[in-house]
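Asks: quick one, structure for this:
(one chain, ligands or ions: 1)
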Amino acid sequence: MPLLFSPLCLIRRCCCFFPAVISSPFSPPRCLHFASMSATAAGDRCTGAGVVANKRRLQGLVFDMDGTLTVPVIDFGAMYRAVLGEEVYAAHRASSASGGGVDILHHIETLPPAEQQRAYEIIARFEGQGLDRLQIMPGALELCRYLDSRKIRRGLITRNMKAAVDLFHQRFGLEFVPALSREFRPYKPDPAPLLHICSIWDIPPSEVLMIGDSLRDDVVCGKRAGAFTCLLDETGKYGSPDTYTDDIRPDFKVSTLSQVLSLLENHFDLIPQLQTT
Ligand SMILES: [Mg+2]
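Replies: Residues are numbered from 1 along each chain as shown. Here you go, the predicted structure:
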């Protein structure tokens, strides 16, 4: 898939936590801010709560779907155990790094064809059950209306199947363009889907914010692409950002999508999409 931007944008940019090492045309230094943290705690890292003095340009947002735009309903632990078996699942869990877990799709690709088929059928069954109980995440509609009012693009990247994306669009009357499902390869955490969206939008990744509930998939995808990243951690399961390693540390952390509104207002200069008609 042809990509618009230089490979330099894949090189990790610096933030105020860590001195500049390598910079690229699309990777200006920036600050780290955790929207869900107290102003005092955030102040240790950046400028604290409120409007920052030096806002960054932002032209688009790219969302994860499951657990970000929709309420988590898939029991991933049960799904992984069904695919892998208890023993292999436990071994994967034991060997995973911070913020990690089981990358089930990559694991399946290593299996013989017959086992792959069985594994995909199990996943499809769990995902089908999830579709029956699909709910939109609180704050998602308001955030989308806000983005529409500001003429800011919104895209979607998910490791779920295209049918789930279609149902999401249909059921909630929202449209994310482009919306890439796992039929697009390689999938998250590879930066390819995000870079592909930036290419279609014809804007640099450094002017895009990737939002998702997975450090391993969403934040890593965004960071590798050179985009801003925001972790949605509703339950606080990821704990203190102080414990994150550099490769998974997001620029922002929120506990609700509603907090993204103030994050956008306070930290970014939103650049509206030009009308082409
Ligand atoms: Mg997710």
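
Asks: and the stretch 151-277 of the chain, which of its residues are near the ion?
Replies: The stretch 151-277 of the chain has residues 213-214 near the ion, with proximity defined as CB under 5 Å from the ion. For glycine as for every other residue, the C-beta is placed from the backbone atoms N, C-alpha and C.

Asks: switch the cut-off to 6 Å
Replies: 212-214 (CB under 6 Å from the ion).

Asks: buried among these? Need that as a selection in PyMOL.
Replies: A single PyMOL command selects the buried members of these (16 or more other CB atoms under 10 Å):
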select buried, resi 212+213+214
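
Asks: between the residues of the stretch 151-277 of the chain next to the ion, which is nearest Val88?
Replies: Ser214 (20.9 Å; CB to CB).

Asks: which of the residues of the stretch 151-277 of the chain next to the ion fall within strands?
Replies: Gly212 (DSSP state E).

Asks: what sits against the residue of the chain found nearest the ion?
Replies: Nearest residue of the chain to the ion, counting by CB to the ion: Gly67, 3.6 Å away. Counting by CB atoms under 8 Å, 6 or more residues apart in numbering, Gly67 touches 212-214, 232.

Asks: if we go to 10 Å?
Replies: 73-74, 76, 137, 158, 212-214, 218, 232, 234 (CB atoms under 10 Å, 6 or more residues apart in numbering).

Asks: okay, those residues in JSON lines with pLDDT and secondary structure next?
Replies: What follows is those, written out as JSON lines (pLDDT from 0 to 100; DSSP: H, G, I helix; E, B strand; the rest coil):
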{"residue": "Val73", "pLDDT": "82", "secondary structure": "coil"}
{"residue": "Ile74", "pLDDT": "80", "secondary structure": "coil"}
{"residue": "Phe76", "pLDDT": "81", "secondary structure": "helix"}
{"residue": "Met137", "pLDDT": "97", "secondary structure": "coil"}
{"residue": "Thr158", "pLDDT": "97", "secondary structure": "coil"}
{"residue": "Gly212", "pLDDT": "98", "secondary structure": "strand"}
{"residue": "Asp213", "pLDDT": "97", "secondary structure": "coil"}
{"residue": "Ser214", "pLDDT": "95", "secondary structure": "coil"}
{"residue": "Asp218", "pLDDT": "98", "secondary structure": "helix"}
{"residue": "Leu232", "pLDDT": "97", "secondary structure": "strand"}
{"residue": "Glu234", "pLDDT": "95", "secondary structure": "coil"}
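
Asks: low-confidence ranges in the stretch 1-150 of the chain?
Replies: Residue ranges of the stretch 1-150 of the chain with pLDDT under 70: 1-49, 96-101.

Asks: how about the residues of it by the ion?
Replies: 64, 66-68.

Asks: out of those residues, who's nearest Lys188?
Replies: Asp64 (7.8 Å).

Asks: what does that closest one show for phi and psi?
Replies: Backbone torsions of Asp64, given as degrees, to the nearest 10, read phi -80, psi 160.

Asks: give the contact list for it.
Replies: Contacts of Asp64 by CB under 10 Å, 6+ apart are 70, 156-160, 188, 210-214, 217-219, 221-222, 232.

Asks: ok, Thr68 next?
Replies: Taking CB under 10 Å, 6+ apart, we find Thr68 in contact with 137, 140, 156, 158, 211-214, 218, 230-232, 234, 257.

Asks: and if you look at His106?
Replies: 186-187, 189-190.

Asks: can I assume it sits in a helix?
Replies: Yes. Judged by DSSP: H, G, I helix; E, B strand; the rest coil, His106 forms part of a helix.

Asks: offset the numbering so it begins at 518, please.
Replies: Okay, using 518 as the starting number, the last item reads as His623.

Asks: which neighbouring elements make contact with the lengthiest helix in the chain?
Replies: Selection of the longest helix in the chain by residue count, based on DSSP state H, yields helix 630-649. Packing partners of helix 630-649 (3 or more CB pairs under 10 Å, 6 or more residues apart in numbering; DSSP states H and E): helix 593-601, helix 621-626, helix 679-689.
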